[in-house]
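In: Here is my input, please return the structure:
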Amino acid sequence: MILRDAKKKLNKPYYRLLFAMSFFDGCSSIAFGLSTWPIPVDTEGVYAPKGNIQTCAAQGFWVQASIASPMYNLMLSVVRVLCTQCDVFMNDVLHISSFAHTIQTFYLLDIVFPTKSKVFMVRGPYRKLC
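Out: Next comes the predicted model:
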């Protein structure tokens, strides 16, 4: 629905936040849905492992990135309250929108570095799996 009139809608902060939230929600849902498939094939005690270390790290990245969806949902709630209850105009909300995207960018950078340094393969509940 957002992409139907993308040029008009993505100029508004509310729809940009909604699009970003939907993107991260969809990607993390796929990562959770893959379940044990991305785990390396030679792993014992796991049902249907079909992946390798790279697929396991990719799934770890998107599972970690799933926190972005609730964060964007929080910012959407803040935007809606400011616009309806506090009589703040949508153009003034642009600063809040850019703040939300900045927070998510730093969080994603915090996820990328452990993925590159293979921290997902060493720590966490799946340390024996990846």
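In: Surely I53 and D42 touch.
Out: No: look at I53 against D42 with Cβ atoms under 8 Å: they stay out of range, at 10.7 Å. Where C-beta positions appear, they are placed from N, C-alpha and C, glycine not excepted.
In: what about those two, which has more around it?
Out: More neighbours surround I53 than the other of I53 and D42, with 14 against 7 (other Cβ atoms under 10 Å).
In: And that one, how far from V41?
Out: Separation of I53 from V41 (Cβ to Cβ, to the nearest Å): 10 Å.
In: Return the alpha-carbon coordinates of stretch 6-19 using CSV.
Out: Taking Å, rounded to 0.1, in the frame of the first residue of the first chain, the C-alpha atoms of stretch 6-19 are listed here in CSV:
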residue,chain,number,x,y,z
ALA,A,6,5.6,5.9,-3.3
LYS,A,7,6.7,9.4,-4.5
LYS,A,8,4.0,11.1,-2.6
LYS,A,9,3.9,8.9,0.5
LEU,A,10,7.6,8.4,1.2
ASN,A,11,8.0,12.2,1.4
LYS,A,12,6.1,12.0,4.7
PRO,A,13,8.0,10.9,7.8
TYR,A,14,5.1,8.7,9.0
TYR,A,15,5.2,6.6,5.9
ARG,A,16,9.0,6.4,5.9
LEU,A,17,8.9,5.0,9.4
LEU,A,18,6.1,2.6,8.5
PHE,A,19,8.0,1.4,5.4
